[in-house]
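Q: Fold the following.
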Amino acid sequence: MSRAPSLCGVILAAGESTRMGTDKALLPWPPVPEGQPSRGTFLSAAIESLSKVSAMVIVVGGKNASRIAPFVFASGASLAENQQPERGQFSSLQIGLQEVLNHGRDAAIVTLVDRPPVHAKTIQHLCREFCSALERGKWAVIPEITGKHGHPIVVGREMIEKFLKAPATSSARDIEHLYVAQIGYVSVEDPAVAVNINTPDEYAALGAATPFAFGP
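A: Okay, here's the model as predicted:
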């Protein structure tokens, strides 16, 4: 699939990972036995995944910005810093989307860092559906599997502007509910769209699963 010239990748990675006890962005992916070198991290895998459809990927960091910066730059992405990550994930989303507009892009594919990457064919499918949805007057597409909504989401300029104009105390779900008629929900068969990892036990369970169930 050719790159969409106006599409920009956004990865939200500013969380403090308090329940995990270590920065989730830098967890090895695929998981490896303790003491063995890792081929990559959740962060590098996410950057690689979004780079398949966008020449520009922006990672939003928080207090971990200096720690993740070498990994961001080594993967060819850009780093934006949320100076007040305690305001919550929505504030990081607003920072990332403002950077999208600042760089002259008018659409974004957005994901969270605390998860394995989805399959490349899933991202390609979402981007195709987004282009089709725009022609039907939609502003965004969101993947769903077994009734659950997930990531990455693809948003156009109209939805980006709604996110940016909302109070920082909002959530992405609040905005989704307000403009549900402008959103296309795309059924996928990729379990990774609805996975997120918050605790060591969840990460261990993910490692015990078949790695090939997720990406690339």
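
Q: part of a helix, is residue 115?
A: No. Checked against DSSP: H, G, I helix; E, B strand; the rest coil, residue 115 lies outside a helix; its state is coil.

Q: Give the full set of residues in contact with it.
A: By CB atoms under 8 Å, 6 or more residues apart in numbering, the contact set of residue 115 is 42, 151, 192, 195, 196, 197. (Each C-beta comes from the backbone N, C-alpha and C, glycine too.)

Q: Report the buried residues of the longest helix along the chain.
A: When the chain is parsed with DSSP state H, its longest helix is helix 120-135. Buried residues in helix 120-135, defined by neighbour count with 16 or more other CB atoms under 10 Å: 122, 123, 125, 126, 127, 129, 130, 133, 134.

Q: got JSON lines for the residues you listed, with pLDDT and distance to residue 62 too?
A: As requested, the buried residues of helix 120-135 are arranged in JSON lines below (pLDDT from 0 to 100; distance: CB to CB, whole Å):
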{"residue": "122", "pLDDT": "97", "distance to residue 62": "27"}
{"residue": "123", "pLDDT": "96", "distance to residue 62": "25"}
{"residue": "125", "pLDDT": "97", "distance to residue 62": "31"}
{"residue": "126", "pLDDT": "97", "distance to residue 62": "26"}
{"residue": "127", "pLDDT": "95", "distance to residue 62": "28"}
{"residue": "129", "pLDDT": "96", "distance to residue 62": "31"}
{"residue": "130", "pLDDT": "96", "distance to residue 62": "28"}
{"residue": "133", "pLDDT": "94", "distance to residue 62": "31"}
{"residue": "134", "pLDDT": "93", "distance to residue 62": "32"}
